[in-house]
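> here is a sequence with its predicted model. Questions after.
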2 protein chains.
Amino acid sequence: MRRKVEIKLINEKSKRHTTFTKRRQGLVKKTKELCDLCDAVAAVIVFSDAGNAFFFGHPDVEEIVDQYLADHSSTLTTEGESSGASGAAEVVVELTKAEERLGEAIRSRRFDFEDEDLGICEVDEIAAAMKELKTMLAARKASTTAAAEEQIPVFGELNRG
Amino acid sequence: MRRKVEIKLINEKSKRHTTFTKRRQGLVKKTKELCDLCDAVAAVIVFSDAGNAFFFGHPDVEEIVDQYLADHSSTLTTEGESSGASGAAEVVVELTKAEERLGEAIRSRRFDFEDEDLGICEVDEIAAAMKELKTMLAARKASTTAAAEEQIPVFGELNRG
DNA sequence: CGGTCTATATATAAGTT
DNA sequence: TAACTTATATATAGACC
């Protein structure tokens, strides 16, 4: 019944919403549990498409948010995890995500390309180029002793005038 | 081996810390997944006892935090920036996100490039290529429509020297 | 400690109503 | 459409390095 699900954008709207609701609830629950178990200072905020905010925080969302802003308003000092990439592999992951979003957008035709000045072929090429780029990065990552100064013809085929 | 655990404060300090670390990681992962699966706007912030902040947010922690504060401290109405953009501009936005992540990673030097098989020059080239791609898209978008609307966001520059 | 390894608890994707 | 069910995927407690 339950199938393994790829962590990428769910294109089907109703399915996406169902997953959003379930996982949003789970996330808040997990946050509460973390706070209860460890007396942790933690907050989670989730916005629905409609703009409704779902949140939880201990001791208080605003306090945590203020603390965060105080710590990060001008000085970036993150020692642990953050939204940023931290290695070549992570760069590949980021590119992969972007690529997949593009691919999804194209496949699902969420874009009304007819009304845009951008043709579907161009976008498709872009997605392909990103995929290529990702593959290249992965390959480079894999081959430890490969050439150091090799030039990379990135997006060369896109230059069509 | 694994026993069901009551959701209440763990008194044993070392055990509490272990649980904190594991669950904190899980929470961040779940938040990421929610964002990836549903293109959700969500953020999580956790502080360790030592005062270190662990966080994740999409599109950006600060944005979400600001949105939360706006919603909960006044009756400001900020509409339509998180999702719902349609067309080429959205593609550009996706590219922008990826580009900014790369740029940030490069600037902050959170990469230990020495230990990777990927040189900073290569990554820099990739970032440049993405910027180029974005510019191309923007230009294409602007040309046919004869510059009616400026809806393509300006990027944070990468300053590659 | 900080990471790895299971066995088990929990979350959750589909199905069902 | 949401609530409930159920089979499975995933998270993670405890043990061990």
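In hand now; what should we look at?
> DNA strand D contacts on chain A?
With the criterion set to CB under 7 Å from any atom of the strand, chain A comes near DNA strand D through A:Met1, A:Arg2, A:Arg3, A:Lys4, A:Val5, A:Ser14, A:His17, A:Thr18, A:Lys30. C-beta coordinates here come from the backbone N, C-alpha and C atoms, glycine included.
> can you pull the phi/psi pair for the second one?
Dihedral pair for A:Arg2: phi -80, psi 130, per degrees, to the nearest 10.
> quick one, longest helix in chain A?
Within chain A, and with DSSP state H defining each element, the longest helix by residue count is helix A:13-38.
> right, and the helix or strand after that helix?
Beyond helix A:13-38 in the direction of the C-terminus, DSSP states H and E gives the next helix or strand as strand A:41-47.
> that following strand near DNA strand C anywhere?
No - counting by CB under 7 Å from any atom of the strand, DNA strand C is not contacted by strand A:41-47; separation bottoms out at 12.2 Å.
> within its sheet, name the partner strands of that strand and how each one runs.
Paired with strand A:41-47 in the same sheet, following DSSP bridges, are strand A:53-58 (antiparallel), strand B:41-47 (antiparallel).
> give the contact list for A:Glu33.
With contacts defined as CB atoms under 8 Å, 6 or more residues apart in numbering or on different chains, A:Glu33 is in contact with B:Ile7, B:Arg23.
> and chain A, which residues reach DNA strand C?
Those residues of chain A that sit near DNA strand C, judged by CB under 7 Å from any atom of the strand, are A:1-3, A:5, A:15, A:18-19, A:22-23, A:25-27, A:29-30, A:33.
> which residues does the closest residue to A:Val41 other than its chain neighbours form beta bridges with?
Using CB to CB, 6 or more residues apart in numbering or on different chains and skipping residues adjacent in sequence, the residue nearest A:Val41 is B:Phe47, 4.2 Å away. For B:Phe47, the beta-bridge partners under DSSP bridges are A:Val41, B:Ala53.
> is B:Phe47 in contact with A:Ile64, as I believe?
Yes - applying CB atoms under 8 Å as the test, B:Phe47 and A:Ile64 come out as touching, 7.1 Å apart.
> the two: which is more packed in?
Looking at B:Phe47 and A:Ile64 with other CB atoms under 10 Å in any protein chain shown, you find the greater number of neighbours at A:Ile64, namely 23 against 19.
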